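K.L.:
got a sequence here, can you model it:
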Amino acid sequence: MIFKPIKPKKVSTQIAEQIRTSILAGEFNPGEKLPPERELAEMFGVSRPSVREALNFLVSTGLVETYQGGGTVVRSLVESSAGMPLSKLIQIDGDRALDVIEVRQGMESWTAWYAATRALPEEIGRLETIVNCMAKNLEGLKLSEDLDAQFHTVIARASHNVVWFHMMQSIFDAMQEFQRDVWRAAYLTEEDQKLLYSHHLKIYEMIRDRDPEGAREAMMEHLTFAQKRSSAYVSKRGGE
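P.N.:
Below is the predicted model of the structure:
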């Protein structure tokens, strides 16, 4: 038997591997900045040139990109189209937003399914915190649009499928303006707010109770309702 000598890994390679693992674990959102070189060097206990070499390697693999004076940003694993951005297309044609909601129905019903099987205790705790904040908002009839986005993002992260997480983040970014308009135009009554809260509470409970099929069905029910309200909003806007 012939053994091959063990070659120690370069410091920069070890740094790159740790950052890559964090990105693929969903610990950084697409578009989120990594800590500055100086902070990374302190965190790893290495020199800045080693950190810089590691970041350059990650840039070459397409996981991050650097900007002069703007730091290092995590790229989405979902390739962007060279044509019209989805967000712009949604602004021009509201029907495309309805197409995206159909995509969300398929994707998010299954991210909820996997979250019910894979979510860590701290992720379930985060969902509970968001739902409790939504309940407090009901008391003052405050909109929970930001909490809604956080809720769905946590579920996507809790699926522990980094491709789904990045796809969902890209969709949320593209839908942000449209979704805000829908929230402020279509969910105006106390009854609307209570119904939305009950949807989120049920999804949370199914994930907490490790009921994947129940979570999938609860998410589909919620997004079907959202689709109907969004469709009514698009129709009204088109008739104005």
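
K.L.:
does residue 115 touch residue 159 like I think?
P.N.:
Yes. Shown here, residue 115 and residue 159 form a contact pair, counting by CB atoms under 8 Å, at 5.1 Å. (Glycine included, C-beta is placed from N, CA and C.)

K.L.:
neighbour count winner among these two?
P.N.:
residue 115 (31 against 25; other CB atoms under 10 Å).

K.L.:
tell me how far that one lies from residue 203.
P.N.:
9 Å (CB to CB, to the nearest Å).

K.L.:
and if you look at residue 128?
P.N.:
Taking CB to CB as the criterion, residue 128 is separated from residue 203 by 12 Å.

K.L.:
who's more crowded, those two?
P.N.:
The neighbour comparison of residue 128 against residue 203 (other CB under 10 Å) goes to residue 203, with 28 against 15.

K.L.:
now that one: which helix or strand?
P.N.:
Residue 203 is part of helix 190-208, with elements assigned from DSSP states H and E.

K.L.:
pull the CA atoms of that helix into PDB?
P.N.:
Taking only C-alpha atoms (Å, rounded to 0.1, in the frame of the first residue of the first chain), the coordinates of helix 190-208 have been written out as PDB:
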ATOM      1  CA  GLU A 190     -59.900  44.300  11.700                       C
ATOM      2  CA  GLU A 191     -61.400  41.100  10.300                       C
ATOM      3  CA  ASP A 192     -58.700  41.000   7.600                       C
ATOM      4  CA  GLN A 193     -56.000  41.400  10.100                       C
ATOM      5  CA  LYS A 194     -57.400  38.700  12.400                       C
ATOM      6  CA  LEU A 195     -57.700  36.300   9.500                       C
ATOM      7  CA  LEU A 196     -54.100  36.900   8.500                       C
ATOM      8  CA  TYR A 197     -53.000  36.400  12.000                       C
ATOM      9  CA  SER A 198     -54.900  33.100  12.300                       C
ATOM     10  CA  HIS A 199     -53.200  31.900   9.100                       C
ATOM     11  CA  HIS A 200     -49.700  32.600  10.400                       C
ATOM     12  CA  LEU A 201     -50.600  31.200  13.800                       C
ATOM     13  CA  LYS A 202     -51.800  27.900  12.200                       C
ATOM     14  CA  ILE A 203     -48.600  27.600  10.100                       C
ATOM     15  CA  TYR A 204     -46.500  28.200  13.100                       C
ATOM     16  CA  GLU A 205     -48.300  25.600  15.200                       C
ATOM     17  CA  MET A 206     -48.000  23.000  12.500                       C
ATOM     18  CA  ILE A 207     -44.300  23.600  12.200                       C
ATOM     19  CA  ARG A 208     -43.900  23.700  16.000                       C
END
